[in-house]
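*Asks:* Mind folding the following:
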Amino acid sequence: MTSDDAGATATPAGPPARRRVVLTGISSRAWEHPADRGALTALRELRGFDDVVKAFFGMWNERGFRLAHLASAIRVDHRQYPSVYQRYTEAAQSLDIPELPELFVRQSPFLNAEAIGLDKPFVVVNTAALQQLDQDELRALLGHELGHVRSGHAVYKTILMILTRWAANLSWLPVGAIALRGIIAAMLEWWRKAELSADRAGLLAGQDPAASLRLLMKMAGGGDLSQVDTAAFLEQAAEYDGGGDIRDSLHKIRMTAWSTHPVPVARAAALRQWIDAGDYQRILDGDYPRRDDDATASVTTEIKAAAEAYREEFSRTQDPLVGLLRRLGDGASDMGEWAGGAAGRARAWFGAAGEAAARAARGESRTPPANGTDTNGSSS
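*Replies:* Presented below is the predicted three-dimensional model:
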């Protein structure tokens, strides 16, 4: 099933409008990075977790956020920014999203967009994106944010805000602060993988790999790509991954450990790798999980897939530090197993905390398991 690219920006002398595949019934699991998908599946299994998150989010007042944008931004529809609205509807159609979240354009010189909210998420795009992106790149950006909405990534962002504030309030208590910072570090790692997931959603929405890569190039270097080359940009990504020595590896850890987003060259390389692996074309050919089957997703299976993804990542990288560990005795494999296991353990710790908060909200009492893991039947 296909949809016409009714809003194509080509001039009469330009190329004909492309046709994009409508991915009927597609589940967000199709584009989610395994580490992101494993965490999401686990969090959805927690009894009462959604209620607790929404109660916490009330501290920041989702309605207040929307009112603030209603008051000081432009709500996009067929009358206001109609060409942006057309790109938005096209992205949603490709991802088979029948009900569009509200979309606002906000005045800002920074090329960015975000999805906000839990009950009724909405999307905000900065004016810089409208000024610097062509129509295909804009469609990919809007598809990226729709991917965040469909995956429920606002849960991550909300909990991260809460935990960060708690960590600041508990900074006087070394043990509490250290424990929270460990959980925050794990959440940030999940969020970076969530960004890779949303990049894939943006590609599936626009179905133009060149436009998705250009979007990341513009995020790195601004809107003028007349003197920028895609192949050279990907060469930068390869040098970032494997160039230099162990000092560079340590600098990369420092740069990314407390960041919510992977660096643009790493995002471009990850997206290119996903395309080259055949996953993108496989989805376009109709081989993808359906929303109707989401209820059968297994936490155990997804956590194992996350661990395997980390093992593959560590075996593939040319990072000097990982290379040293390899030479010391298959250290990359061991490190990948540790990272995958750590993701599962952090999920279990956070799951126990979520369960405890849910029980407290319901007025229940239960002593947590001695090993810090949840006992509701979910595998860690």
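
*Asks:* what about the chain, any weak spots by pLDDT?
*Replies:* 1-17, 44-61, 155, 158, 161-164, 167-168, 170-177, 179, 329-380 (pLDDT under 70).

*Asks:* what about the strands in it?
*Replies:* 2-4, 19-21, 74-75, 103-106, 113-116, 122-126 (DSSP state E).

*Asks:* and the ones you listed as a markdown table, adding mean neighbour count?
*Replies:* Heads up, the C-betas are built off the backbone N, CA and C, glycines and all. As requested, the strands of the chain are arranged in a markdown table below (neighbours: other CB atoms under 10 Å):
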| stretch | mean neighbour count |
| --- | --- |
| strand 2-4 | 12 |
| strand 19-21 | 16 |
| strand 74-75 | 16 |
| strand 103-106 | 22 |
| strand 113-116 | 20 |
| strand 122-126 | 22 |
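
*Asks:* would TSV of the ones you listed with distance to Lys193 be doable?
*Replies:* Listed next are these as TSV, based on distance: least, CB to CB, whole Å:
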stretch	distance to Lys193
strand 2-4	29
strand 19-21	25
strand 74-75	31
strand 103-106	25
strand 113-116	16
strand 122-126	21
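
*Asks:* Indicate which one of the ones you listed is closest to Asp136.
*Replies:* With distances scored as CB to CB, the stretch of the strands of the chain nearest to Asp136 is strand 19-21 (10.7 Å).

*Asks:* Just list what that closest one packs against, helices and strands only.
*Replies:* strand 2-4, helix 82-94 (3 or more CB pairs under 8 Å, 6 or more residues apart in numbering; DSSP states H and E).

*Asks:* To Ile275, which of the strands of the chain lies closest?
*Replies:* Per CB to CB, nearest to Ile275 of those: strand 19-21, 15.1 Å.

*Asks:* What's the separation between Trp274 and His148?
*Replies:* 17 Å (CB to CB, to the nearest Å).

*Asks:* do Tyr88 as well
*Replies:* Tyr88 is 14 Å from His148, by CB to CB.

*Asks:* With Ala231 instead?
*Replies:* From Ala231 to His148 the distance is 29 Å (CB to CB).

*Asks:* So which of these two has more stuff around it?
*Replies:* The neighbour count for Ala231 versus His148, taken as other CB atoms under 10 Å, is higher for His148 (25 against 6).

*Asks:* I figured the more buried one hits Ala198, correct?
*Replies:* Yes. At 5.0 Å, His148 counts as touching Ala198 under the criterion of CB atoms under 8 Å.

*Asks:* residue contacts, the spatially most central residue of the chain?
*Replies:* What sits nearest the mean C-alpha location of the chain, by CA atoms, centre = their mean, is Ala194, with 2.2 Å. Contacts of Ala194 were listed using CB atoms under 8 Å, 6 or more residues apart in numbering, and they are 32-33, 36, 148, 151, 153, 156.

*Asks:* what about 10 Å?
*Replies:* 32-33, 35-37, 39-40, 147-148, 151-153, 155-157, 187, 260-261 (CB atoms under 10 Å, 6 or more residues apart in numbering).

*Asks:* With Thr230 instead?
*Replies:* Contacts of Thr230 by CB under 10 Å, 6+ apart are 209-210, 213-214, 216-217, 268, 272.

*Asks:* change it to 6 Å
*Replies:* Leu213 (CB atoms under 6 Å, 6 or more residues apart in numbering).

*Asks:* ok, it to Ala295 distance?
*Replies:* 41 Å.

*Asks:* what's the neighbour count on Asp292?
*Replies:* Applying other CB under 10 Å, we find 9 residues neighbouring Asp292.

*Asks:* Name the nearest residue to it, ignoring sequence neighbours.
*Replies:* Leaving aside its sequence neighbours, Asp292 sits nearest to Gly25 (CB to CB, 6 or more residues apart in numbering; 6.5 Å).

*Asks:* thought that neighbour was touching Tyr288?
*Replies:* No. With contact defined as CB atoms under 6 Å, Gly25 does not reach Tyr288; the gap is 8.8 Å.

*Asks:* ok, those two, which is more surrounded?
*Replies:* Ranked by neighbour count (other CB under 10 Å), Gly25 and Tyr288 place Tyr288 first, with 18 against 12.

*Asks:* Gln207 versus the closest residue to the more buried one other than its chain neighbours, what's the distance?
*Replies:* Counting by CB to CB, 6+ apart, Ala30 is the residue found nearest to Tyr288 once chain neighbours are left out, at 4.0 Å. Distance of Ala30 to Gln207, given as CB to CB: 14 Å.
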